[in-house]
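Chemist: Provide a 3D model corresponding to the input given below.
(3 chains)
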Amino acid sequence: MGPRFKLFLPLFLFALLAIVLFRGLFLDPSEMPSALIDRPLPSFSLPALGGDRQLSREDVTGEVALLNVWATWCVSCRVEHPYLKQLADKGIPIYGLNYKDSDSAAQRWLDELGDPYRLNIADREGTLGVDLGVYGAPETYLLDANGVVRYRHVGVVDAQVWETVLEPLYRELKTGQVAP
Amino acid sequence: MRLLCSLVAICLVLLSGRALALIETYEFSSPALEARYQQLSEELRCPKCQNQNIADSNAPIAQDLRKLLHQQLEAGASDEEILDYMVARYGEFVRYRPRFGGTTVLLWLAPVLLLLAAIGVLLATLRSRAKVADNPDASLTAAEQARLQTMLDKSERDS
Amino acid sequence: MIPEIGHFALIIAFCLSLILATVPAWGAWRGNSVAMALAPSLAVGMLVFVAISFACLATAFLQDDFSVQLVASHSNSLLPPIYKFSAVWGNHEGSLLLWALILAFWTAAVAVLSPQLPLLVLSRVLSVMGAIAIGFMAFSLFTSNPFARLLPGAPADGGDLNPLLQDPGLIIHPPLLYMGYVGFSVAFAFAIAALLGGRLDASWARWSRPWTNIAWGFLSLGIMLGSWWAYYELGWGGWWFWDPVENASFMPWLAGTALIHSLAATEKRGLFKSWTVLLAIFAFSLSLLGTFLVRSGVLTSVHAFATDPARGMFILVFLAVVVGGSLTLYAFRAPAVSSRVGFDWVSRESLLLCNNVVFLVATLTVLFGTLFPLIVDAMGLGKVSVGPPYFNAVFVPLMALLVPVMGMGPVSRWKRDNVSRWRQQLLIPTAVAVLCGITLPLLHAPYNIWVALAVLLSSWLLLGLLQDFWQRLRNASSTASGVKRLTPSYWGMVIAHLGFAACVIGIVATSQYSVEHDLKMEPGDSRELAGYEFRFIEVAQVRGPNFVADEARFEVTRNGEWVANLNPQKRRYLASGSIMTEAAIDAGLFRDLYVAMGEPVGTDGAWAMRLHYKPMVRWMWLGAILMAVGAFAAAADKRYRRQRVATKASSEAVLHGA
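Modeler: Take a look at the predicted model:
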């Protein structure tokens, strides 16, 4: 440790900084994991879309499923919609959370474009949305059989997102559910 | 199409709503609540925006959170309860004033540690310089004397 | 055709920078004075060609050449000509060209204004600046070509400049800011040249000092304009948000402040050489880091340019080469053994060191706070935000530590002072400052302890300066000769320190005393705010060159007397359809009145309005202007010119001897 050693300190610190910055180039600062990961879906009591039933947490839990947050004012939801129907046709259970929308517009949307959802929760005031930490539509939550949130995808679910991200998790949860 | 894409991208990035300061006219039951509303809405980060607090953002989610904040304040919730409520739903990310604990311990302690370290170096420097000022030769250690001598020899040789 | 000429000129400038970075450096290494003597002409040539390139881009904007992609996406035929011109740098590619232009300008300025510098030093300095220019021009040419065409398929009209940028403040804010950012490259180049030559002495400090002061002055002005712009343009009266992009400009300023003080000790006393060199490297590295943060997208910011990972990678590699390279050079070449220059505990040197401690800690804290979310994310520990509450909590106490030291600095002596003299000198200023701190805040009810503290500290600063000033005059034979004997660098110091005091008062008073209300108002309504009566008269429709607007008419009175008419607007820009609020401000030295329009509420003609009362807010910006004026004054000191004449003689001697 000669006196020159301390002159290397700035270089060393800069090297550390450069590593962090390099790593930062491959991160997306706007990607936000849900605060509810591995926590149960919040309980709620909200009407079903197109009916006078009151829905609660129990109506959408019990098996591994997707909970899709959508609205008719959301442009990307229209992009996503056909793929959701494909998934529903494959037998993937999808529940809808119709977020801050009007019932009639939502009903018309489903009549015109088809209905991939098993059930639709009409969250007109966005209260369940807040409890879920939703900050825009579309968002898609993956729930396990116990109604615990396992993953959230923000943005459109398409073939690429499904095959690379959601489906592997979905399969894993399915087998995990059967195994024990 | 490429132009369209880049235009959309630019709009998204540059027009992220800063100048659209949305002004709401909430009624508060007391000026103290209004002051807390202002403070909290400036300390909560809009989850969807680029880098804005919920007071300055025009995004729908920021409007919702302001409404929620107003309701909770009027319902008598404490600052801590409100912050916990928000964090439980949107994550630690929404706190512009990071909680002290876990990873942020270093963040909060860093300025103090840095200042102490810098003051330490300052005092050491001042002491050694003051020694030199008092007695320019005595401050050289034996090793430094030797080094100085070789340097002097070298410079003599060079010239 | 014109864009192609611009593109071609940029390529030529790039080639010149390649030659500038290599040939004179080689000449300096091998002692070839012909190669060294090429440097100034190459520097000027580089400026000429970058300027041609920039002029071509500006022409494309002014002529509405929408076949150029940049023009198509950032301009519009309805835009007033001045904004067409400023639209050149209202985007990533164009602002990068502005960077290159200003860098070429500084390089040429060094080449032209220092012919008396020893050729060896000059050629090294210009080569280093040429090397930096290579990086920026390559960045422009290879990743962000501003001249790219949209052929075929040029649109009939452009997408418009972001309305936020259609503002006089934004015409000059980026050029000033870049003058500061890039100006630190001169101090950096001098430092690298000194390390290469192995001669870190007082003359090195004297050469780089005026350049550093000027760059720092520009940076102060640039930051101040940005803050002022945010205040009146964003519509909610904030003036500093601690956004990563703001921090990116603030960090070089903080490091630069430490640098100009450390340079003083190096020049006057030959002290802290390694440290000063490190600060010079540090200040410019932070400028480059700022560029990386703004343009790579690693941090979220409202001001960020549309980002692209390839660009981020380019700047990161460039950053690694420049900063890593210079720190490696530093590690091997900086003197490891400190100079045998002593000074006492009680001396100006120790106070300057205290300044350096505070500014270094402040810089590193802002840096750490800005990067902390990225660090946490990179380590996979989740997402956190670090915002204004954190920065204020750590920054304000640091500045409070600084001011007492600042008050003592000017009255203290180099090398050795004594406590009893300090006591005697500062007794009256201290007493008067305490008195001011207690009484002045009484003028504004309710009494505010923070304002009292700020007044105490600022008046201590002011009175310390006055005391020193008076001493100097008293020691002279007559007042006139005393004033005459004061050097521009002394005046510069006084003005800049006064500016700082004004800033402190402005910031604290406006933070503590501001009153803000969001209200629903109908035409005819009146509201009282801090003693002023705001009467909302009506809403009118107005039309601007490229927008239509709702304009609210307010009349402000105080105790029945007319104060101002305020007409805030809510604009809709025709080309992009974007909506903007345009606040109306009645500016005053002691208070601003500020009205911004929100949305219509209900159907009976009511509007949401935001009213602000902002006392002393101007002092902050006036303070920044004073700081810049002080820096420019200090750079104008005769000493630097006189010394040039002296070096001319010696450099000629060197040349003749060689």
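Chemist: show me what the helix or strand that contains C:Tyr181 is packed up against.
Modeler: Per DSSP states H and E: C:Tyr181 is located in helix C:168-197. Applying 3 or more C-beta pairs under 8 Å, 6 or more residues apart in numbering or on different chains; DSSP states H and E, one finds that helix C:168-197 contacts helix C:81-86, helix C:92-113, helix C:119-143, helix C:202-233, helix C:244-269, helix C:273-296, helix C:325-333. The way it works is simple: take the backbone N, C-alpha and C, and place the C-beta from them, glycine included.
Chemist: let me have those in a markdown table, extended by distance to C:Leu62 and mean neighbour count.
Modeler: Converted to a markdown table, these look like this (distance: least, C-beta to C-beta, whole Å; neighbours: other C-beta atoms under 10 Å in any protein chain shown):
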| stretch | distance to C:Leu62 | mean neighbour count |
| --- | --- | --- |
| helix C:81-86 | 5 | 18 |
| helix C:92-113 | 13 | 23 |
| helix C:119-143 | 20 | 24 |
| helix C:202-233 | 23 | 24 |
| helix C:244-269 | 28 | 25 |
| helix C:273-296 | 26 | 25 |
| helix C:325-333 | 39 | 18 |
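Chemist: mind checking which of these is nearest chain A?
Modeler: helix C:325-333 (4.0 Å; C-beta to the nearest C-beta).
Chemist: can the next helix or strand after the closest one be found next to chain B?
Modeler: In the C-terminal direction, the helix or strand that comes right after helix C:325-333 (DSSP H and E) is helix C:348-378. Yes: residues of helix C:348-378 contacting chain B under C-beta under 8 Å from any C-beta of the partner chain: C:349-350, C:353-354, C:357, C:360-361, C:364-365, C:368-369, C:372, C:376.
Chemist: mean pLDDT per helix and strand in chain A: which one sits at the bottom?
Modeler: Lowest by mean pLDDT, DSSP states H and E among the helices and strands of chain A is helix A:167-178, with a mean of 82.
Chemist: which residues sit against it?
Modeler: Outside of helix A:167-178, the residues within contact range by C-beta atoms under 8 Å, 6 or more residues apart in numbering or on different chains are A:Glu63, A:Val64, A:Leu66, A:Ile92, A:Leu142, A:Asp144, A:Ala145, A:Arg150, A:Tyr151.
Chemist: same thing with stretch B:25-43?
Modeler: For stretch B:25-43, contacts defined as C-beta under 8 Å, 6+ apart pick out B:53-56, B:66, B:69-70, B:73-74, B:79, B:82-83, B:95-97, C:387-389, C:516, C:518-520, C:598, C:601, C:608.
Chemist: for the single nearest residue of the stretch 351-500 of chain C relative to chain B, which non-adjacent residue is spatially closest?
Modeler: Nearest residue of the stretch 351-500 of chain C to chain B: C:Gly387, at 2.8 Å (C-beta to the nearest C-beta). Closest residue in space to C:Gly387, ignoring its immediate chain neighbours: B:Tyr96 at 2.8 Å, by C-beta to C-beta, 6 or more residues apart in numbering or on different chains.
Chemist: my guess is that neighbour contacts C:Phe391. True?
Modeler: No: if you go by C-beta atoms under 8 Å, B:Tyr96 and C:Phe391 don't touch, sitting 9.6 Å apart.
Chemist: any buried residues in the helix or strand hosting C:Val539, and which?
Modeler: Assigned by DSSP H and E, C:Val539 belongs to strand C:532-543. Judged by neighbour count (16 or more other C-beta atoms under 10 Å in any protein chain shown), strand C:532-543 contains these buried residues: C:Tyr532, C:Glu533, C:Phe534, C:Phe536.
Chemist: ok, that strand near chain B or not?
Modeler: No: on the criterion C-beta under 8 Å from any C-beta, strand C:532-543 is out of touch with chain B, staying 13.3 Å away.
Chemist: what does that strand rub up against?
Modeler: Under the contact criterion C-beta under 8 Å, 6+ apart, strand C:532-543 has outside partners C:521-528, C:548-558, C:563, C:566, C:569, C:593, C:595, C:605, C:607, C:609, C:611, C:613.
Chemist: report the buried members of these.
Modeler: Buried among these (16+ other C-beta under 10 Å): C:521, C:549-554, C:556, C:563, C:566, C:569, C:593, C:595, C:607, C:609, C:611, C:613.
Chemist: among the residues you listed, which ones lie close to chain B?
Modeler: Taking C-beta under 8 Å from any C-beta as the test, chain B is in contact with C:Met609 out of those.
Chemist: hmm, back to that, list only buried entries from the contacts of stretch B:25-43.
Modeler: Looks like the contacts of stretch B:25-43 have B:53-56, B:66, B:69-70, B:73, B:82-83, B:95-97, C:387-389, C:518-520, C:598, C:601, C:608 buried, using 16+ other C-beta under 10 Å.
Chemist: pretty sure A:Leu84 contacts A:Val157?
Modeler: Yes: in terms of C-beta under 8 Å, A:Leu84 counts as a neighbour of A:Val157; the distance is 6.9 Å.
Chemist: circling back: tell me how far the helix holding C:Tyr181 lies from the chain's centre.
Modeler: Offset of helix C:168-197 from its chain centre (C-alpha atoms, centre = their mean, to the nearest Å): 10 Å.
Chemist: who's in contact with the residue lying closest to C:Val419 once chain neighbours are set aside?
Modeler: Using C-beta to C-beta, 6+ apart and skipping residues adjacent in sequence, the residue nearest C:Val419 is C:Val346, 5.6 Å away. When the contact criterion is C-beta under 8 Å, 6+ apart, the partners of C:Val346 are C:Ser412, C:Arg416, C:Asp417, C:Asn418, C:Val419, C:Trp422.
Chemist: and C:Val346, what pLDDT?
Modeler: Residue-level confidence at C:Val346 comes out at 82, pLDDT.
Chemist: list the residues that contact residue 85.
Modeler: If you meant another chain, say so; for now it's chain A. By C-beta under 8 Å, 6+ apart, A:Lys85 lies in contact with A:Gly114, A:Pro116.
Chemist: wrong chain, I was asking about chain C
Modeler: Shown in contact with C:Phe85 (C-beta under 8 Å, 6+ apart): C:Ala58, C:Phe61, C:Leu62, C:Ile171.
Chemist: how near is it to chain B?
Modeler: Distance of C:Phe85 to chain B, computed by C-beta to the nearest C-beta, to the nearest Å: 19 Å.
Chemist: same check, this time on C:Arg295
Modeler: C:Arg295 is 12 Å from chain B, by C-beta to the nearest C-beta.
Chemist: what does C:Arg199 give?
Modeler: 14 Å.
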